[in-house]
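Q: can't give you the sequence, but here's the structure:
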Ligand SMILES: Cc1ncc(COP(=O)(O)O)c(C=O)c1O
């Protein structure tokens, strides 16, 4: 039996002779294992929408998808932990996803190394500053080189390091490096694209990313494994509820505006009106940022601050008239008595 699907293929050589094809590019994409190809074939008739249908096929496909998620987590040794596996298209997408989830700021630092694949370099350059661990003349580095990069100021937000070089096959001393990073309070992403098909994954890495198409699975899927608290879809629901609060309070405020003008001193009413307007504008800005694809977790501090200003002003514009009215009623009662 063939070890991989396609092992018996032949290809025309430069001398025109057909010879058995030997793929030397398995680090880029492997052939499929016959057992995996058979399972895919078996499943295809049941292929259906995931998490989007009530039909039998859809339920079955959803179950299979969730089983795959558990299998990814198990491969990473994360059973019984609060880690989750997010299924992506490949390692590149998984690392980009993490870069987005971490809500990095432009001046944040990510320590990475000069032996990385582009997939573990470009996302960090797009979202933050990269600080590199350099190689020595053998094309490798020691733990000390990593710790001295970790120890420089400002303290890095992440160490993003490969599990095995895609160029030389060198495997860095990951366990020691992860311990050193954790001692300094720095979480670690291991780009496991080249290591996942061959070796157990480092149990203490905070994040792991790898690809199915490099480990004998046809068509390819990738995964990002990490703590649920960071990776779970941030409260889109709470963003939506927040937007509803913005709308309801703004409508209430405009309904109360004429009443407010009557019962408060003219200056106070003008001031509250101006602050109310400004804060509504800021709230709408938050709404625009959120609808732009940023979740609340990705919003910057000043947006949070503007949310608080907006809420306080809105409450004040609604409560002050009520308090004044109540005081007026009490004063009239006192006069009558
Ligand atoms: C070490 C390493 N990281 C990341 C990648 C990117 O993987 P993918 O193309 O599956 O996104 C590769 C691909 O060769 C790789 O070797």
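A: It's in. Nothing here was measured: the structure is a model prediction, and the numbers come from that model.

Q: from here on, contacts and neighbour counts on C-alpha atoms
A: OK.

Q: Which of the three states applies to residue 115?
A: The local conformation at residue 115, judged by DSSP: H, G, I helix; E, B strand; the rest coil, is coil.

Q: Mind giving me the packing neighbours of the helix or strand hosting residue 111?
A: Taking DSSP states H and E as the definition, residue 111 sits inside strand 109-113. Applying 3 or more Cα pairs under 8 Å, 6 or more residues apart in numbering; DSSP states H and E, one finds that strand 109-113 contacts strand 129-133, strand 158-162.

Q: The last one pairs with which strands, and in what direction?
A: Think strand 158-162. Sheet pairing of strand 158-162 (DSSP bridges) gives strand 109-113 (parallel), strand 188-191 (parallel).

Q: what distance separates the following helix or strand past it from the centre of its chain?
A: Once strand 158-162 ends, the next helix or strand along the chain (criterion: DSSP H and E) is helix 174-183. Distance, stretch centre to chain centre, for helix 174-183: 23 Å (Cα atoms, centre = their mean, to the nearest Å).

Q: Buried ones in helix 174-183, by neighbour count?
A: Buried residues in helix 174-183, counting neighbours by 16 or more other Cα atoms under 10 Å, are found at 174, 177, 178, 179, 180, 181, 182.

Q: what about stretch 78-97, near the ligand?
A: Yes. Stretch 78-97 reaches the ligand (Cα under 6 Å from any ligand atom) through 90, 91, 92.

Q: Most neighbours among those, which one is it?
A: Within the residues of stretch 78-97 next to the ligand, residue 91 tops the neighbour count with 26 neighbours, counted by other Cα atoms under 10 Å.

Q: Report the secondary structure state of the residue lying closest to that residue once chain neighbours are set aside.
A: Sequence neighbours aside, residue 210 is the residue nearest to residue 91 in space, at 4.7 Å (criterion: Cα to Cα, 6 or more residues apart in numbering). Secondary structure, three-state DSSP: residue 210 is strand.

Q: Please report the distance of the most centrally placed residue in the chain from the ligand.
A: Most central in the chain under Cα atoms, centre = their mean is residue 101, positioned 2.7 Å from the mean C-alpha point. According to Cα to the nearest ligand atom, to the nearest Å, residue 101 and the ligand sit 18 Å apart.

Q: quick one: the residue lying closest to that residue once chain neighbours are set aside and residue 157, what's the gap?
A: With Cα to Cα, 6+ apart as the criterion, residue 101 has its nearest non-adjacent residue at 6.5 Å, and that residue is residue 231. To residue 157, residue 231 is 16 Å away according to Cα to Cα, to the nearest Å.
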